[in-house]
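In: Fold the following.
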Amino acid sequence: MTIRWQPSARGVVVGAGVGAVGRAAVLALHLADLDAGAAPLLLLAAAIGAAIGAVAGLMGRPLAGALVGATLTAVVFALTLPVAYLFTLIGAGSVPSLVATVGMGAVSGLAGGAAAQRAAGNRRWPGNPSRSLQGGERRT
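Out: Okay, here's the model as predicted:
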């Protein structure tokens, strides 16, 4: 049995949106002060979250998206950990937990994969995935 990979724009958009909001929210919860000076950091976190969520949502399946989202987030977490510790040392905030950060990456991938799978499911005939719905046909 072969599973075809079908990238979905809906999965990418949903994954990016959830990733951006989630990553910015995780950072906002760990900053000491939310003022105008925090805006560039929040935008950077949102951009990283959007990129991770978009790639994870591109997988097209919820489980694969969650796995890719969690893995990419763990890699980014490890790469940005020295900067997070620097902010902790100067009193600008605390380091988010690995579980919260990776969990948010998994959620963004899960949401993107589910949206992609739902979009693909709307184009398939029930019971026969090789037959697409034609114009005017209705599911029974």
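
In: from here on, contacts and neighbour counts on C-alpha atoms
Out: Fine.

In: So what's the residue count around Leu31?
Out: 20 (other CA atoms under 10 Å).

In: Quick check: phi and psi on the nearest residue to it once chain neighbours are set aside?
Out: Excluding the flanking residues, the one nearest Leu31 by CA to CA, 6 or more residues apart in numbering is Gly93, at 4.2 Å. Comment: the main-chain dihedrals of Gly93 come out as phi 160, psi -170, following degrees, to the nearest 10.

In: Dump the helix or strand containing Leu29 to PDB, keeping only the CA atoms.
Out: Using DSSP states H and E, the secondary-structure element containing Leu29 is helix 9-30. Once non-C-alpha atoms are left out, helix 9-30 reads as follows in PDB (Å, rounded to 0.1, in the frame of the first residue of the first chain):
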ATOM      1  CA  ALA A   9      -1.900  25.100   1.200                       C
ATOM      2  CA  ARG A  10      -4.600  24.900   3.900                       C
ATOM      3  CA  GLY A  11      -2.300  22.700   6.100                       C
ATOM      4  CA  VAL A  12       0.600  25.200   5.600                       C
ATOM      5  CA  VAL A  13      -1.500  28.200   6.500                       C
ATOM      6  CA  VAL A  14      -3.100  26.600   9.500                       C
ATOM      7  CA  GLY A  15       0.200  25.200  10.800                       C
ATOM      8  CA  ALA A  16       1.900  28.600  10.300                       C
ATOM      9  CA  GLY A  17      -0.900  30.500  12.100                       C
ATOM     10  CA  VAL A  18      -1.100  28.100  15.100                       C
ATOM     11  CA  GLY A  19       2.700  28.000  15.200                       C
ATOM     12  CA  ALA A  20       3.100  31.800  15.200                       C
ATOM     13  CA  VAL A  21       0.500  32.500  17.800                       C
ATOM     14  CA  GLY A  22       1.700  29.600  20.000                       C
ATOM     15  CA  ARG A  23       5.400  30.400  19.900                       C
ATOM     16  CA  ALA A  24       4.800  34.100  20.600                       C
ATOM     17  CA  ALA A  25       2.400  33.100  23.500                       C
ATOM     18  CA  VAL A  26       5.000  30.800  25.000                       C
ATOM     19  CA  LEU A  27       7.600  33.600  24.900                       C
ATOM     20  CA  ALA A  28       5.200  36.200  26.200                       C
ATOM     21  CA  LEU A  29       4.500  34.100  29.300                       C
ATOM     22  CA  HIS A  30       8.200  33.900  30.100                       C
END
